[in-house]
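[1] sequence? don't have it. structure:
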Ligand SMILES: [Zn+2]
């Protein structure tokens, strides 16, 4: 579940920022204003966020996405609701427990496409949308971080929402330090969910191929029942909404919530034969070159 943790203003002033367009170093370190040494563009730290483009306000998709965006402002409550009522089993609880043991104060961890969720204390949140807990507002395909500067990169359910996932992956790889680690989750069997956009899905080999510039340590299937709950909830909403479009979105949400307890079967099913074929999604843990962090989480 999400935590009400934050990144200190000092940490934001110390970030290894570069120009997102020409990659040159920024002048003005330690102040709340930076200027590109090459193209002379200027960026500002305003309202506890570095603004490197992105949206001025939070943009939402359909009715479900609008509801989610309103709930996301209450980050702790939203995290609990998602863990309990979303169709997807919350495997990240055990992943986070594992990561907390490895993280040290000197490490730089960024969550690209964080939304309003702070995965762990000290993680720098990066997003296209300026949610309250976002520290750096920018596009995933133009990260304003120096090459080889980040110890840990998260990309959790983000690549389906970007227009060019391969460009976004190239950026994750570029900013990672040699030995740094990437946690990349993408959906496979999930319904369309604009937030505010939704462009693609990945199979397990498709995701591993897309991340082939990294050394893959493990790939986790998040489970077939989670996929089934999402699809069945959407399917039931079609006849019961009687052709009324706004009602269909709400019924899909209600059916998925009612069916959500079934997702706990994925503790068993996700590693059983056939479980990967309709898994709701896959998490790849990978490093840039030889690993310096261990890959295995605690047992669920
Ligand atoms: Zn520049």
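    All right, it came through fine. Here the structure is a predicted model, which means the values were calculated and not measured.

[2] Quick one: residues in contact with stretch 71-88.
    1-4, 68, 90, 93, 115-118, 131-133, 190, 222-223, 226, 229-230, 233, 256-257, 259-260, 263, 280-281 (CB atoms under 8 Å, 6 or more residues apart in numbering). Heads up, the C-betas are built off the backbone N, CA and C, glycines and all.

[3] hey, where'd the helices end up in the protein?
    9-13, 63-72, 75-85, 92-102, 165-175, 204-210, 224-240, 245-259, 266-269 (DSSP state H).

[4] for the fourth one, which positions count as buried?
    Going back to what we said before, that points to helix 92-102. If you call a residue buried by 16 or more other CB atoms under 10 Å, then helix 92-102 has these buried ones: 92, 95-96, 99.

[5] Check the fifth one too.
    Buried residues in helix 165-175, counted by 16+ other CB under 10 Å: 165, 168-169, 171-175.

[6] Which residue of this protein lies farthest from its centroid?
    The centre of the chain is farthest from one residue, residue 242, which by CA atoms, centre = their mean lies 34.8 Å away.

[7] quick one: that residue from residue 252, how far?
    14 Å (CB to CB, to the nearest Å).

[8] Pull up the gap between the closest residue to the ion within the stretch 101-250 of the chain and residue 109, please.
    Using CB to the ion, the closest approach of the stretch 101-250 of the chain to the ion is made by residue 144 at 9.8 Å. Separation of residue 144 from residue 109 (CB to CB): 16 Å.

[9] Neighbour count for the two, which is higher?
    Per other CB atoms under 10 Å, whichever of residue 144 and residue 109 has more neighbours is residue 144, with 26 against 22.

[10] Now do the same contact list for that one.
    17-20, 26, 43, 50, 52, 136, 138.

[11] correct me, but residue 160 touches residue 194?
    No. Residue 160 is beyond contact range of residue 194, at 10.1 Å (criterion: CB atoms under 8 Å).

[12] Redo the helices of the chain as TSV? Include mean pLDDT and distance to the ion.
    Listed next are the helices of the chain as TSV, based on pLDDT from 0 to 100; distance: least, CB to the ion, whole Å:
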stretch	mean pLDDT	distance to the ion
helix 9-13	78	20
helix 63-72	76	32
helix 75-85	82	33
helix 92-102	86	33
helix 165-175	97	16
helix 204-210	97	28
helix 224-240	97	42
helix 245-259	94	42
helix 266-269	95	46
